[in-house]
Structure formats: C-alpha cells, structure tokens
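Visitor: Provide a 3D model corresponding to the input given below.
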Amino acid sequence: MSIKRLVYRLALASVFGATILVQHAAATPVGILNIDSGAGTITETLQAIIWATHPNAFVVAGGTTLTSAAGNPAIGSTGDLKDLTFAAGLPVFNFLTFNTVPGLGFDLLSVGPGSANTNCAGLAIGQSCSIFLGSPFILTLTSTGTSESLSVGGLAHDGTVPNSNYNGIFTTQLVNVTPAQVQALFGCHTGDTSPAQCTNQAASITSSDSATLALTPSNAVPEPNTLSLVLILGLALGGAKLTGRFRRASC
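Guide: Purely as a prediction, here's the structure:
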C-alpha cells in the first residue's frame with residue numbers, strides 16, 4: 001500500500017471516529033422537564049418529603065422539551081420520585097426516574113438554600129421566610145396564601161457522556177394559609193436554628209406540587225481515546241498535505 005493511500009485511509013478513519021464522538025456527545029440529556037403530581041399528592045414534614053403515588057409520583061407536563069439517548073419522555077407519561085429524608089443527606093441517586101424511559105435518571109445533589117429570614121409573621125406580599133434557619137423550603141406570602149418552593153440541583157444521565165447538570169424548583173400553592181400559619185403549625189419560632197426546636201414534630205402538610213427542571217450538558221474533559229483520535233486526525237491530515245508537497249517537489 002502506498003504512503004499516500006495509507007495516509008488518506010487514516011484521515012478518513014479519524015473523521016469517521018470524530019463524527020461518532022460528536023453524535024455520542026450530542027445525545028446527552030438536554031432541554032426542559034416540566035412535571036406535576038397529577039392526581040397524586042405529597043406530604044411534607046419537618047424532616048421529609050413523601051410522594052403518595054409510587055411509582056407514578058409525577059406526570060410529564062406540557063412544555064417539556066427533554067431529549068436523551070435513552071429516549072424522550074412523552075407528555076402525559078409518568079415517573080417516580082424517591083421520598084426524601086433530609087437527615088439521610090445527599091446524594092440521592094436516581095432520585096427521579098421515568099417509567100417509559102428506564103435508562104434516563106436524575107441524581108439529586110443539592111437542595112435549598114432556604115431563606116435567612118425566620119420572621120414569617122412580619123411579611124408583606126411577595127416577601128419570604130423559612131420556618132427555621134436551615135430549612136430548605138422558602139415560603140412566600142401571596143394574595144391567596146403561600147407559595148412554597150424548594151430549589152434542587154444535580155446530574156441527569158442516560159448512559160452517554162457527558163452527563164448534564166440540572167437545576168430547578170419544586171413549587172406548591174397553599175391557598176388561604178399564610179407563612180406564619182405554616183410556621184405555627186409546626187411549632188417553629190422566629191430565630192429557631194434547627195427542626196429540633198420546633199415543638200410539633202408530628203405536623204405535616206399535604207398538597208399537590210409541580211416542578212420545572214432545566215438541563216445543560218456539563219463541561220467534560222476529553223477522554224484519552226478522544227485526544228488520541230484528534231491527534232491521529234491532525235497527523236493524518238498533515239501527512240496528506242506533506243505527501244502532496246513531496247510528490248510535486250519530485251516531479
């Protein structure tokens with residue numbers, strides 16, 4: 001085999017391999033995921049969040065644009081959310097999974113932070129508090145009651161690389177209930193710094209919920225195979241150019 005033919009074959013193989021890598025990376029989870037609790041509910045306590053309808057804890061809602069190599073969750077399809085016990089800590093692997101796309105999962109790496117303000121009785125509409133310092137839940141006074149939110153973040157994975165970062169917010173609306181009333185329900189007080197200081201440890205709130213999660217590919221360092229492929233591509237193309245020059249010079 002001539003040197004020129006060998007160089008061109010290496011170049012073609014490198015381009016083909018690079019194309020596969022680009023396609024592989026493009027399959028990472030991206031887009032927006034909107035979910036709600038459907039006909040189900042969640043129960044919140046001082047130390048936990050419990051979804052009532054396993055394995056159908058959520059329904060994929062309209063506006064979802066999430067795509068992945070494992071498949072694309074259809075609007076109206078269902079999935080599961082693991083119950084959270086804050087004392088157990090993080091991470092929670094496969095916190096969110098899809099019944100129709102088993103290869104796609106979301107790991108929970110962060111929750112909160114909550115509000116630094118624990119004076120829930122002194123709020124104007126639009127202002128927020130947490131029922132104790134360190135609670136990841138934020139309670140915002142609205143004209144109809146309370147909007148409760150929980151910020152979450154982590155990694156989404158579908159078996160390809162890189163994984164994707166996701167960030168979003170779970171929300172629920174408590175109608176005709178103020179943040180001060182929520183704080184009083186749990187027996188918490190302005191200035192409390194842990195749930196242990198709240199006097200009604202058995203209290204709970206049951207409601208519906210929804211969430212919007214946004215996914216973006218994480219920054220990935222090229223793997224050794226990727227770097228080797230890029231090096232081969234550069235050498236092959238450079239060799240092809242030198243071969244052409246050598247042939248012209250010898251004519």
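Visitor: check contacts around residue 63.
Guide: Residues in contact with residue 63 (Cβ atoms under 8 Å, 6 or more residues apart in numbering) are 32, 34. Placement of C-beta: from N, CA and C, glycine included.
Visitor: Need the phi and psi values for it.
Guide: phi 90, psi 0 (degrees, to the nearest 10).
Visitor: count of neighbours near the residue lying closest to residue 213 once chain neighbours are set aside?
Guide: Distances taken as Cβ to Cβ, 6 or more residues apart in numbering put residue 168 closest to residue 213, at 3.4 Å, once the chain neighbours are dropped. Residue 168: 20 surrounding residues under other Cβ atoms under 10 Å.
Visitor: Ok, residue 115 next?
Guide: Neighbour number of residue 115 under other Cβ under 10 Å is 21.
Visitor: pretty sure it contacts residue 129?
Guide: Yes - Residue 115 is within contact range of residue 129, at 5.3 Å (criterion: Cβ atoms under 8 Å).
Visitor: Identify the contacts common to these two.
Guide: What both residue 115 and residue 129 touch, as defined by Cβ under 8 Å, 6+ apart, is the set 138, 139.
Visitor: what are the ranges of the helices in the chain?
Guide: 3-26, 179-185, 224-250 (DSSP state H).
Visitor: any idea of the mean pLDDT in the first one?
Guide: Read that as helix 3-26. Average pLDDT, helix 3-26: 45.
Visitor: Then the longest one?
Guide: Mean per-residue pLDDT for helix 224-250: 43.
Visitor: What's the separation between the spatially closest residue to residue 192 that is not a sequence neighbour and residue 83?
Guide: Leaving aside its sequence neighbours, residue 192 sits nearest to residue 132 (Cβ to Cβ, 6+ apart; 3.9 Å). From residue 132 across to residue 83, the span is 21 Å (Cβ to Cβ, to the nearest Å).
Visitor: try residue 103
Guide: Going from residue 103 to residue 83 by Cβ to Cβ gives 23 Å.
Visitor: Any buried residues in stretch 96-112, and which?
Guide: 96, 97, 98, 101, 104, 105, 106, 107, 108, 109, 111, 112 (16 or more other Cβ atoms under 10 Å).
Visitor: same thing with stretch 123-134?
Guide: Of all the residues in stretch 123-134, those buried under the rule 16+ other Cβ under 10 Å are 123, 128, 129, 130, 131, 132, 133.
Visitor: and the closest residue to the fourth one other than its chain neighbours, how many neighbours?
Guide: It refers to residue 130. Distances taken as Cβ to Cβ, 6+ apart place residue 114 nearest to residue 130, at 3.7 Å, with adjacent residues excluded. For residue 114, the neighbour count with other Cβ under 10 Å is 22.
Visitor: Show the pLDDT at residue 114.
Guide: 97.
Visitor: My guess is it contacts residue 137. True?
Guide: Yes - the pair residue 114 and residue 137 passes the contact test of Cβ under 8 Å, sitting 5.9 Å apart.
Visitor: measure the residue nearest to residue 165 when sequence neighbours are not counted to residue 167 for me?
Guide: Closest residue to residue 165 apart from its sequence neighbours, by Cβ to Cβ, 6+ apart: residue 218 at 5.0 Å. Distance, residue 218 to residue 167, by Cβ to Cβ: 12 Å.
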